[in-house]
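Student: Below: sequence and its predicted model.
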Amino acid sequence: MKKVKLILAVLCATTLMQAQNKEEKKVAVVSFSTDKTVDVSDLGLNGVKMVADKILDLKNDPNFNLAPILEKYHTAFFDSYAKKFPFALLPEEEVINNQAYKDFEPKVGEKENETAFSLLNYPGYKEIYEGLLGKSNEEGMATIFKEQADGVMMTRIHFSLIKGFGIGGTATVKMRVYARIALYDKTGKKVWVINESEQSKKTGVMVGGIPVLEPSKILPMYESALEELMKDLDKRIEKIVKKSEKL
């Protein structure tokens, strides 16, 4: 009986320590976006003017609305994935209403971020690049929130058409979605990065070697790919984080 009580006491103490550690560690999510431009590199169509024009037309088409897609990812991220991180997330309002955050001017190397990308940001968030040449952004964000948080996190999803089955210029295509979730400590040093991807169950078509890029045809593939990704992340994200470096 004494051994059982001792084991239970150790388990309770361990659980309590883990809960306290999660409460002690806090992270600010400072970037939340998706790319408005669909990638066609897997189709071998980069640089083809007709395709580039269609992609530009699609991006500017008011019917091509990715806000609901980003909203779904945002809901899953904060309502589900956040509970599986070994730290707490700062309240969004505390992050996006921070004056220093609002005033921050993101850069990619020596270029202003806004001139380099075509992203849709979740309402309130700034367009902040991280990764190669993103050191000034990573350190800048970490500095802004170093008093409130132990680190900063940035996440982005983007989409790419991939070729399916076909003959000649007629073929099926599917959509693959990629998610990147990157964590940096309060000095701006990278702690870990999660890169996950899934492809849609729904398909589209290529006619004459050119993918059909009408909003009504392509948005269902976006939605299908995201659904598959969210299911995958929901199952795997906790295991991935446990195997990664600690904050």
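Tutor: In hand now; what should we look at?
Student: Now do His158: how many residues are near it, please.
Tutor: By other Cβ atoms under 10 Å, 18 other residues sit near His158. In this view, the C-beta of every residue, glycine as well, is placed from N, C-alpha and C.
Student: ditto for Leu219
Tutor: Neighbours of Leu219 under the rule other Cβ under 10 Å: 18.
Student: Tell me the secondary structure at it.
Tutor: helix (DSSP: H, G, I helix; E, B strand; the rest coil).
Student: Pretty sure it sits against Asp61.
Tutor: No: if you go by Cβ atoms under 8 Å, Leu219 and Asp61 don't touch, sitting 10.5 Å apart.
Student: and for these two, which residues touch both?
Tutor: Both Leu219 and Asp61 lack any common contact, where contact means Cβ atoms under 8 Å, 6 or more residues apart in numbering.
Student: what about this protein, any weak spots by pLDDT?
Tutor: Filtered on pLDDT under 70, the chain yields the residue ranges 1-23, 108-117.
Student: Tell me which residue lies nearest the centroid of it.
Tutor: Centroid-nearest residue in the chain: Arg156, 2.7 Å away (criterion: Cα atoms, centre = their mean).
Student: Next, the buried residues of the host helix or strand of it.
Tutor: For Arg156, the host element (DSSP states H and E) is strand 151-167. Residues 151-163 are the ones in strand 151-167 that count as buried (16 or more other Cβ atoms under 10 Å).
Student: List phi and psi for Glu94.
Tutor: As for Glu94, its main-chain torsions (degrees, to the nearest 10) stand at phi -70, psi -30.
Student: In space, what's closest to it - neighbours in sequence excluded?
Tutor: The shortest distance from Glu94 to any non-neighbouring residue, by Cβ to Cβ, 6 or more residues apart in numbering, is to Gln148 (7.1 Å).
Student: For that neighbour, which residues are in contact?
Tutor: By Cβ under 8 Å, 6+ apart, the residues touching Gln148 are Lys26, Ala28, Leu90, Glu94.
Student: Direction included, what does the helix or strand containing the second one pair against?
Tutor: Under the criterion DSSP H and E, the helix or strand holding Ala28 is strand 26-35. Strand 26-35 has the following strand partners under DSSP bridges: strand 88-89 (parallel), strand 119-121 (antiparallel), strand 151-167 (parallel).
Student: The residue nearest to Glu94 and His74, how far apart?
Tutor: Distance, Gln148 to His74, by Cβ to Cβ, to the nearest Å: 21 Å.
Student: Next: Ser31.
Tutor: Separation of Ser31 from His74 (Cβ to Cβ): 12 Å.
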